[in-house]
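*Asks:* pasting a predicted model and its sequence here:
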Amino acid sequence: MENASDVAVVGAGPCGSFTALHLAKRGVNVTVFEEHNEIGVPCHCAGHLSITGLKRLGLYPLPEGIVENTFKAATFHSPHGKQFTVRSKSPVTCAVNRALFDQYLAQKAEKAGARLLPGSRVDSLIIENGFVKGVMVSQKGGAIRWNAKIVADAEGISARLSRQAGLPPPNRNMMLDGIEAEVEGVKNVEEDAVEIFLGREYAPGFFAWLIPKGGGKAKVGLAAEKANPKELLGKLMHKHPEASKKLGRARILQTAYHPVTLGGLIPKAYGNGFLAVGDVASQVKPTTGGGVALGLTCAEIAARVAFWALHRNDVSSNSLREYPRRCRAVLGFEWRIMLKARKMLDALSDQRIDDVIGFCTRYGIDRALDGVEDIDLQGRSLLGLLPHPVALAFILYLLYVRIPTKT
């Protein structure tokens with residue numbers, strides 16, 4: 001087997017496999033390197049995805065067994081006990097088994113013609129005359145050189161290879177520490193509703209979540225700034241006035257830790273013979289930390305631009321700069337709105353969060369939100385709310401009422 005391909009993809013997570021899938025569909029010789037022997041393991045994500053977003057990507061319905069549950073509702077718990085529920089007539093989101101979801105995308109890429117090499121850790125880039133020319137890979141048989149015209153880096157948030165290529169990493173000042181747990185013995189939950197817990201005592205700088213799987217099992221997690229997420233999770237499960245009613249007797253089956261980036265797109269996601277895709281490029285919603293749907297959208301764009309560059313026999317940065325330009329053309333408005341929303345949320349004190357949820361309950365904001373099905377393109381969803389007088393009043397309330405500093 002020749003140690004060369006047109007494109008080398010680093011990482012068989014969703015973004016890496018989706019990049020490979022769309023390259024292979026275009027007849028590109030592409031190889032995917034995955035450092036773990038089993039794709040999707042370990043899992044670092046709750047797998048709570050928008051059904052509309054998956055449909056837009058051509059991925060829904062998913063094969064049997066991948067979807068663990070679907071949800072019509074979301075309940076928000078304020079720091080001091082107020083609640084606000086948004087409910088739709090049909091499922092809006094789903095929880096997927098992330099290992100099976102990742103494996104499904106990798107299998108689709110393989111069936112399209114991509115070469116998948118698990119148990120292959122990319123140690124470094126090969127850089128010659130200012131161009132990325134391939135990767136050095138460690139396998140059981142030892143280290144090998146793998147030549148490639150383009151390297152697509154989907155390694156995740158560590159950004160080890162992207163830094164070698166001279167790209168900026170995700171904004172460390174907007175990074176949170178996250179924890180995700182699978183639990184059993186959950187009580188008193190609506191199985192078609194996710195629950196969000198707000199407040200600095202339990203998830204400073206972000207929020208906690210409970211995602212029912214059915215049969216008394218659930219995914220529970222949170223992210224936080226400048227705090228121990230494991231300690232906060234225990235506090236949420238056993239001391240939160242509402243969460244403890246549901247999780248106080250639950251047993252943790254497994255936990256995973258992961259950083260969450262909320263800083264928006266990195267300033268530059270390309271170089272000579274190099275593209276950064278997914279979390280490594282901070283292609284993540286600043287509002288919720290979700291990165292699957294937006295990352296997959298950018299992965300498809302990356303594949304198109306890489307194919308175009310290979311066809312022109314020009315893989316320079318001047319050619320590949322088309323990649324972020326197209327990403328911003330499709331999603332730039334969404335990121336701008338979400339970054340502004342994140343700054344606004346970060347400025348809210350616990351008392352103001354209580355006030356906001358109280359406002360939503362008092363004035364029936366749930367009725368305006370009923371029918372909002374796309375939780376990925378949040379900027380466009382916000383525009384769709386503007387004709388609703390109640391929703392417009394809510395937006396003006398957020399914009400013009402004085403926002404106290406966090407306490």
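*Replies:* Received the coordinates, thanks. No experiment lies behind these values; they were computed from the predicted model shown.
*Asks:* quick one: residues contacting residue 305.
*Replies:* Residue 305 makes contact with 275, 320, 322, 323, 326 under the criterion CB atoms under 8 Å, 6 or more residues apart in numbering. Every C-beta, even on glycine, is put in place using the N, C-alpha and C of the backbone.
*Asks:* wait, residue 90 sits on residue 71?
*Replies:* No: using CB atoms under 8 Å as the test, residue 90 is too far from residue 71 to be in contact (10.5 Å).
*Asks:* more neighbours: which of the two?
*Replies:* residue 71 (21 against 9; other CB atoms under 10 Å).
*Asks:* ok, now which ones touch that one?
*Replies:* 91, 92, 93, 94, 95, 192, 193, 194, 211.
*Asks:* leaving out sequence neighbours, find the closest residue to it.
*Replies:* residue 93 (4.8 Å; CB to CB, 6 or more residues apart in numbering).
*Asks:* ok, now residue 233?
*Replies:* Residue 233 sits nearest to residue 179 (CB to CB, 6+ apart), 5.3 Å away.
*Asks:* so what does the helix or strand encompassing that neighbour touch, helix or strand wise?
*Replies:* Per DSSP states H and E, residue 179 falls inside strand 175-184. Strand 175-184 is packed against strand 217-224, helix 229-239, strand 251-261, with contacts defined by 3 or more CB pairs under 8 Å, 6 or more residues apart in numbering; DSSP states H and E.
*Asks:* what is the mean pLDDT for the last one?
*Replies:* Regarding strand 251-261, the rounded mean pLDDT is 95.
*Asks:* do you know how far residue 201 is from residue 207?
*Replies:* Residue 201 sits 12 Å away from residue 207, taking CB to CB, to the nearest Å as the criterion.
*Asks:* quick one, what contacts residue 216?
*Replies:* Residue 216 sits next to 184, 185, 186, 187 when contact means CB under 8 Å, 6+ apart.
*Asks:* is it true that residue 188 touches residue 246?
*Replies:* Yes: contact criterion CB under 8 Å: residue 188 and residue 246 qualify, at 5.2 Å.
*Asks:* which one of these two is surrounded by more residues?
*Replies:* It is residue 246, of residue 188 and residue 246, that has more neighbours when counted by other CB under 10 Å, with 21 against 8.
*Asks:* so how far is whichever strand or helix holds that one off the chain centroid?
*Replies:* Assigned by DSSP H and E, residue 246 belongs to helix 243-247. Distance of helix 243-247 from the chain centroid (CA atoms, centre = their mean, to the nearest Å) equals 26 Å.
*Asks:* and the residue nearest the centre of the chain?
*Replies:* Nearest to the geometric centre of the chain sits residue 291, at 1.7 Å (CA atoms, centre = their mean).
*Asks:* tell me which residues are up against whichever helix or strand comes after the strand holding residue 179.
*Replies:* Next helix or strand after strand 175-184 toward the C-terminus (DSSP H and E): strand 193-198. For strand 193-198, contacts defined as CB under 8 Å, 6+ apart pick out 48, 71-79, 85, 87, 93, 189, 203, 207-212, 222, 236, 240, 242-243, 246, 350, 353, 357.
*Asks:* looking at the contacts of residue 305, which are in strands?
*Replies:* Among the contacts of residue 305, DSSP state E puts residue 275 in strands.
*Asks:* list only buried entries from the contacts of residue 305.
*Replies:* Taking 16 or more other CB atoms under 10 Å as the criterion, what is buried in the contacts of residue 305 is 275, 320, 323, 326.
*Asks:* how about the strand or helix carrying residue 162 as PDB, C-alpha atoms only?
*Replies:* Secondary structure from DSSP H and E places residue 162 in helix 160-164. The C-alpha trace of helix 160-164 is given here as PDB (Å, rounded to 0.1, in the frame of the first residue of the first chain):
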ATOM      1  CA  ARG A 160      -1.700  20.400  18.400                       C
ATOM      2  CA  LEU A 161      -1.300  20.000  14.600                       C
ATOM      3  CA  SER A 162      -2.900  23.300  13.800                       C
ATOM      4  CA  ARG A 163      -0.400  25.100  15.900                       C
ATOM      5  CA  GLN A 164       2.400  23.400  13.900                       C
END
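*Asks:* what are the buried residues along that helix?
*Replies:* For helix 160-164, the buried set under the neighbour-count rule, 16+ other CB under 10 Å, comprises 160, 161, 162, 164.
*Asks:* next: stretch 238-247.
*Replies:* Applying a neighbour-count criterion of 16+ other CB under 10 Å, one finds 240, 242, 243, 246, 247 buried in stretch 238-247.
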